[in-house]
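J.: Kindly return the folded structure for what I paste below:
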Amino acid sequence: MTGAVASLWRHPIKSHGREAVERVALTAGRTMPWDRTWAVAHEAAKADGSAWAHCANFSRVSKAPALMAITAELDETTETLTLRHPDRPDLTFRPDAEPDRLIDWVRPLMPADRAASARIVRVPGRGMTDSDFASVTLCNLSSHRAVEQRLGRKLSIHRWRGNIWLDGLGPWEEFEWMDREVRIGGAVLRARERTDRCTATTANPETGRRDADTLGALETWGHQDFSVRAEVVEGGDIAVGDPVERL
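T.: Numbers count the residues shown, from 1 in each chain. This is a model prediction of the structure:
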């Protein structure tokens, strides 16, 4: 196979914004740096920040589609985030020191019939990915285009909230990587599971409104999966344009 890194994305707060980066340094057994570093626990959550917790504990796009339209900008040195949304004023704050500012800012975006956002949690050294292992999500642009063709319309790649986007592969080629290692730039990752998808992907990343039957499109292939969750087995730098090689 021949492929290359098309783009790199991190999501500093789980389900609350995305940010492009040009280069990232991966560490074995860890999530992408600054990806899902924080998560917003809702009022019914049992998560206390002491360990990884299931996604059901958190405010997320599948329950609050308006969250999909948030973008993020992180100052790593000061751990200050700026969040933007078409229906809200920009917010610049420090998640650890000023959690209530986010809770107040996001309140108008949350459905009235869902558990309200209550607090921000952070597990040192562990991004709050949906998988119970520290994962990096690998997405295939050819598979994305196949979904677009099935729906007969253009779709933003941000519906899938992936980390590493690859181009130059065949559609669904990533599903052939299960339990195999892939070298991307200077790092080696092992694909461990396909990413099962939910209604979050039906929300438009520009508007935060549900407007596409992505799950119905995936079902035409006999599943509701898109992308693979991979474990970093050999750390190293990855940059946009780097080659991809299955080992």
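J.: Show me the helices in this protein, by range?
T.: 99-106, 141-151, 214-219 (DSSP state H).
J.: Turn those helices into CSV, including distance to His42, mean neighbour count and mean pLDDT.
T.: Using the backbone N, CA and C atoms, a C-beta is placed for each residue, glycine as well. Listed next are the helices of the chain as CSV, based on distance: least, CB to CB, whole Å; neighbours: other CB atoms under 10 Å; pLDDT from 0 to 100:
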stretch, distance to His42, mean neighbour count, mean pLDDT
helix 99-106, 10, 17, 98
helix 141-151, 30, 17, 98
helix 214-219, 23, 17, 98
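J.: Distance to Ala66 added to those helices, as a markdown table?
T.: Conversion of those to a markdown table gives the following (distance: least, CB to CB, whole Å):
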| stretch | distance to Ala66 |
| --- | --- |
| helix 99-106 | 9 |
| helix 141-151 | 22 |
| helix 214-219 | 17 |
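J.: List just the one of these that sits closest to Ile13.
T.: The closest approach between Ile13 and any of those, judged by CB to CB, belongs to helix 99-106 at 7.6 Å.
J.: Disregarding flanking residues, what is the spatial nearest neighbour of His144?
T.: Take His144 and drop its neighbours on the chain: the residue closest to it by CB to CB, 6 or more residues apart in numbering is Ile157, 5.8 Å away.
J.: before we move on, back to that, tell me which of the helices of the chain lies nearest to Asp237.
T.: Closest to Asp237 of the helices of the chain is helix 141-151 (CB to CB; 21.4 Å).
J.: how about low-confidence regions in the protein?
T.: In the predicted model of the chain, residues 1 satisfy pLDDT under 70.
J.: mind listing what Met128 touches?
T.: For Met128, the set of contacting residues under the criterion of CB atoms under 8 Å, 6 or more residues apart in numbering consists of Lys14, Arg36, Thr37, Trp38, Ala39, Trp52, Ala53, Phe58, Val121.
J.: if we take the residues you listed, which one ends up nearest to Glu245?
T.: For Glu245, the closest of the contacts of Met128 turns out to be Arg36, at 27.0 Å, with distances computed as CB to CB.
J.: Can you flag the buried ones in the contacts of Met128?
T.: Neighbour-count burial (16 or more other CB atoms under 10 Å) applied to these gives Lys14, Arg36, Thr37, Trp38, Ala39, Ala53, Phe58, Val121.
J.: The third one: what's it in contact with?
T.: Read it as Thr37. Pro12, Ile13, Arg122, Gly127, Met128.
J.: Let me have these in TSV, adding distance to Asp237 as columns.
T.: Listed next are those as TSV, based on distance: CB to CB, whole Å:
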residue	distance to Asp237
Pro12	20
Ile13	25
Arg122	25
Gly127	18
Met128	24
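J.: distance between stretch 222-240 and the chain's centre?
T.: Here the centre of stretch 222-240 is set off from its chain's centre by 11 Å, with CA atoms, centre = their mean, to the nearest Å.
J.: Ser156 versus Glu193, what's the distance?
T.: Taken as CB to CB, to the nearest Å, the spacing of Glu193 relative to Ser156 amounts to 24 Å.
J.: I meant to write Arg18 there.
T.: Spatial separation of Arg18 from Ser156 under the definition CB to CB is 10 Å.
J.: Was I right to think the residue nearest to His144 contacts Ile164?
T.: No - contact criterion CB atoms under 8 Å: Ile157 and Ile164 do not qualify, at 11.5 Å.
J.: intersection of neighbour lists for these two?
T.: Counting by CB under 8 Å, 6+ apart, the shared contacts of Ile157 and Ile164 are Cys139.
J.: which one of these two has more residues nearby?
T.: Higher neighbour count among Ile157 and Ile164: Ile164, with 27 against 18, using other CB atoms under 10 Å.
J.: Having no further points to raise, I will conclude here.
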